[in-house]
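just a sequence and a predicted model for now, questions to come.
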Number of protein chains: 2
Amino acid sequence: MIMKTIKEINEKIKKGEAVVVTAEEMIKIVEEEGAKRAADYVDVVTTGTFGAMCSSGVFINFGHSDPPIKMLRIYLNNVEAYGGLAAVDAYIGAAQPNEDPDVDIDYGGAHVIEDLVRGKEVELYAEGYTTDCYPRKEVNVRITLDDVNQAIMVNPRNCYQTYAAATNSREEKIYTYMGILLPEYNNVHYSGAGQLNPLQNDYNPETKSFNTIGIGTRIFLGGGIGYVIGEGTQHNPPFGTLMVKGDLKQMNPKFIRAATMPRYGSTLYVGIGIPIPVLNEKIAERCAIRDEDIEVPIYDYGFPRRDRPLIAKTNYKVLRSGKITLNVNIDGKDVEKTVKTGSVSSYKMAREVAETLKQWILDGKFLLTERVDTLGRAENKPMKSPITLVKDILSKPPITAHSNISIMEAAKILIKHNINHLPIVDEHGKLVGIITSWDIAKALAQNKKTIEEIMTRNVITAHEDEPVDHVAIKMSKYNISGVPVVDDYRRVVGIVTSEDISRLFGGKK
Amino acid sequence: MIMKTIKEINEKIKKGEAVVVTAEEMIKIVEEEGAKRAADYVDVVTTGTFGAMCSSGVFINFGHSDPPIKMLRIYLNNVEAYGGLAAVDAYIGAAQPNEDPDVDIDYGGAHVIEDLVRGKEVELYAEGYTTDCYPRKEVNVRITLDDVNQAIMVNPRNCYQTYAAATNSREEKIYTYMGILLPEYNNVHYSGAGQLNPLQNDYNPETKSFNTIGIGTRIFLGGGIGYVIGEGTQHNPPFGTLMVKGDLKQMNPKFIRAATMPRYGSTLYVGIGIPIPVLNEKIAERCAIRDEDIEVPIYDYGFPRRDRPLIAKTNYKVLRSGKITLNVNIDGKDVEKTVKTGSVSSYKMAREVAETLKQWILDGKFLLTERVDTLGRAENKPMKSPITLVKDILSKPPITAHSNISIMEAAKILIKHNINHLPIVDEHGKLVGIITSWDIAKALAQNKKTIEEIMTRNVITAHEDEPVDHVAIKMSKYNISGVPVVDDYRRVVGIVTSEDISRLFGGKK
């Protein structure tokens, strides 16, 4: 059983004796010589990815002005950075749009970050929260990356292990973070470096954990040295993510590129490469994972809800082939369509990242580190649904009637107010029954004459302070579509219908 | 020569055999038994600090709403968090004030963070940047820490190695991040845990580096496990700082406390403890550093400029004694005053942090890590001074005169316009000379009759697009206090005086 240590591998690197291959090359080696043989002589497999990573940003310290300022509102080339920190510390995020609505996402936080890495001058304007020891009201100066004390990139979510692909069922094209999706499934966009992806090559599907990557893993980040500092947001293997950190002053604009996803937002393309020490045969085997081995779900981004319909499952080999055949339903008809696939990330640049990292190691310029801890727990549950209470959605005053009215009159009330449910109340306004248009139709069919005969007496009700989702559950349980809202004296104060509830959720497709 | 490894120490910890002491206890051990003996049997020294750390904040992922939203403006209990990241990622900073001006710094980002750690409900309100795939306009829901996916504390500057103390020369009390400073040096406020401070106990003054602390060092952070992820902003040993990271969900409100520095801002008290492995004698010696060994400068916060006057140098022993004797100058008289000292951090809590960490290690619940890299370079230079150009400060149209006026008339012009410099121009408005009130006094003294006789002909000039600090340098070089501003045809377009320049810098005391 081959068992190496990172320490031994680093010694070989220092002597220029380490065998280093990219994840692509490893596929061939394992195919031809087997994982055992590969584990025996390959020391490091380098991986790479180069894609849009919106959750990226930079902590900057500008140094103290004279007189000193405690910055509250901070703008870099008219893009707001966050000043909720100490006096001249700020955080600028890639997805922050420009303050000028005419510029908006065409020049956002990502563009500021790229310009800084390019050594360009950026205009800093800040308004101060004036205090006795920070009297200055504002500061306006043009700075470059060299002028600031620290510019530490800390990205809360980078390097997704697998990225769901996207298509679009609507009749019009849509603009998303996966690019422009043509109408009626006419294209599929995907992202991610598949067989070159760092987390993919380090993944242990049985334990849903990672063999070597963790807190303290030294990485290639934007052309400089960076570190993994933990799991990223929405970390949920096999959709693992990373939180990473690195010194912007070391980075290279070739691997840090701003972009604008049309009518969606500004984003930052980040080049990340992680070296995987081939400590044993299992790791060698995993590092031979191929595009065709990586399952990718395709979701319908035309469906404007959180849980989008799964259209198909495919893999990176098919996606990278340039076309895919989908079985979809358009206007009720099942259709088989072969459409183009397009990548919103760059496999070519991912390869260049892996190759560059390989060369750094071969040149003895990059030693591996032992992680000090594994990545944290997986957690990617939906946002807690807002507890909307019945009273939050009660709009119109309630329409009610007494039981002495005729069925004709009841029908007229429903039609006049365009309602479907008519609570019946006694002389004190207390609820005694309810009738619906369905009851009226039944009366006609069964030749019933009075409200008393047709109204439902055992009425399911709701209270104003009841969460709407409880009411929704009651309605589905009793298969009813309207619930009168009563006070503590059973007086009717409103009504909640299934239309009210579905409107709350932005309307079904 | 005693040489231990972290690996060996961790083995002893696992077996419950490690000898662990706090930095306070180590002082006594080294005093009584010497560093060599101490290094022999002490395995770990625990340190601690508990102070106001404004540059602290938390990355939060709220989970996706239904329908999904791409959050742009995000408020937690009416305190703005930064939305310049991916859809439902945000960053909230301790020093961010409340949006309600009546609440302002009394309930800021720090208070939100503490409430979350306390398990309290916090109101999330966010406005969306609506797109095809994120159609929702706003979301409003009450959440607790359990409801969010990730809440990762990332503090860009924590754990200052030494903190300058503060006093106040003004005649009125002032409100600062060092608390309320009484008039005329009547108190001195200090911050920091002195002999218990983590960086202080790990510092190598010869190399200005740190013996064991670095990227990947596992620490006690806010009652949970955290990690050092690099140097902090303004890192400048012996004023070293740390950037740290930890999972807010693990933290304990006892060690994460919001506070408001009156009329200054909201801040977060953070408990940080770092274990120092006693690998050799030198480390043992350093871990015996005492309050009296740590020099602390006292600056005058009453001076509203970046570079505050140094009033005295003292140490933590004196500061922690509760009083200090200062030699100061009040209204031109040298005075010796003995005044109270006060701490804006808590030594008692710092001790508790060190004790808690000690117990964790003794209980085998906390293993040490080997740093994967040292802290980065030191950099704490001032903000690049804004390049103010001459044209930015030219206010009034220039007052000029022709050389055929009398000296009396020249004097009247100076007095009438309250100016000190009168450029002399020819019929085309071209500069031919300059006179000042000094020249007029000289004319009187030397009985000179005409402007031609007294005006300076070789005039130092400036251009509109010239940086003001260049002009300031010229003025001091030629010992003049006013410089006419001319265009390319040497026509006078204004004048810059030393008063204009000093006003630019907020006026000297």
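The structure has been received and is ready for your questions. Numbering: from 1, shown residues only, chains lettered A, B, ... in the order given.

show me where the stretch 51-200 of chain A has helices.
Ranges of helices in the stretch 51-200 of chain A, per DSSP state H, counting those that start in this stretch, are A:109-117, A:198-201.

other residues contacting the longest one?
Spelled out, that is helix A:109-117. Contact with helix A:109-117 is made by A:56-58, A:76-77, A:79, A:81, A:92-96, A:122, A:144-145, A:151, A:153, A:222, A:248, A:251-253, A:256-259, A:266-268, B:84, as judged by Cβ atoms under 8 Å, 6 or more residues apart in numbering or on different chains. The way it works is simple: take the backbone N, C-alpha and C, and place the C-beta from them, glycine included.

can you pull the buried residues of it?
A:109, A:110, A:111, A:112, A:113, A:114, A:115, A:116, A:117 (16 or more other Cβ atoms under 10 Å in any protein chain shown).

how far off centre is that helix?
When distances are taken as Cα atoms, centre = their mean, to the nearest Å, helix A:109-117 is centred 22 Å away from the chain's centroid.

CA atoms of it as CSV?
What follows is helix A:109-117, C-alpha atoms only, in CSV (Å, rounded to 0.1, in the frame of the first residue of the first chain):
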residue,chain,number,x,y,z
GLY,A,109,-16.8,46.1,-7.9
ALA,A,110,-15.2,43.4,-10.0
HIS,A,111,-14.0,46.1,-12.4
VAL,A,112,-12.5,48.1,-9.6
ILE,A,113,-10.6,45.0,-8.4
GLU,A,114,-9.3,44.2,-11.8
ASP,A,115,-8.2,47.8,-12.3
LEU,A,116,-6.3,47.8,-9.0
VAL,A,117,-4.6,44.5,-10.0
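
partner residues bridging residue A:128?
residue A:71 (DSSP bridges).

residue A:319: what's its closest spatial neighbour, skipping adjacent residues?
Leaving aside its chain neighbours, residue A:319 sits nearest to residue A:190 (4.5 Å; criterion: Cβ to Cβ, 6 or more residues apart in numbering or on different chains).

what about the helices in chain A?
For chain A, the helices defined by DSSP state H occupy A:6-14, A:23-41, A:109-117, A:198-201, A:281-286, A:316-321, A:347-362, A:390-393, A:407-416, A:437-445, A:451-454, A:468-477, A:498-504.

about what we covered before: and the contacts of helix A:109-117, which are buried?
The neighbour-count test (16+ other Cβ under 10 Å) marks A:56-58, A:76-77, A:79, A:81, A:92-96, A:122, A:145, A:151, A:153, A:222, A:248, A:251, A:253, A:256-259, A:266-268, B:84 as buried among the contacts of helix A:109-117.

endpoints of stretch A:457-465, how far apart?
The first and final residues of stretch A:457-465 sit 23 Å from each other (Cα to Cα, to the nearest Å).

give me the subset of the contacts of helix A:109-117 lying in strands.
Among the contacts of helix A:109-117, DSSP state E puts A:57-58, A:76, A:79, A:81, A:92-93, A:122, A:151, A:153, A:256-259, A:266-268 in strands.

now, which of those residues lie close to chain B?
Applying Cβ under 8 Å from any Cβ of the partner chain, the subset of the ones in strands among the contacts of helix A:109-117 adjacent to chain B comprises A:57, A:79, A:81, A:92, A:93.

can you report how many residues neighbour residue A:11?
13 (other Cβ atoms under 10 Å in any protein chain shown).

now it: how far from residue B:243?
To residue B:243, residue A:11 is 30 Å away according to Cβ to Cβ, to the nearest Å.

what's the answer for residue A:314, then?
Separation of residue A:314 from residue B:243 (Cβ to Cβ): 41 Å.
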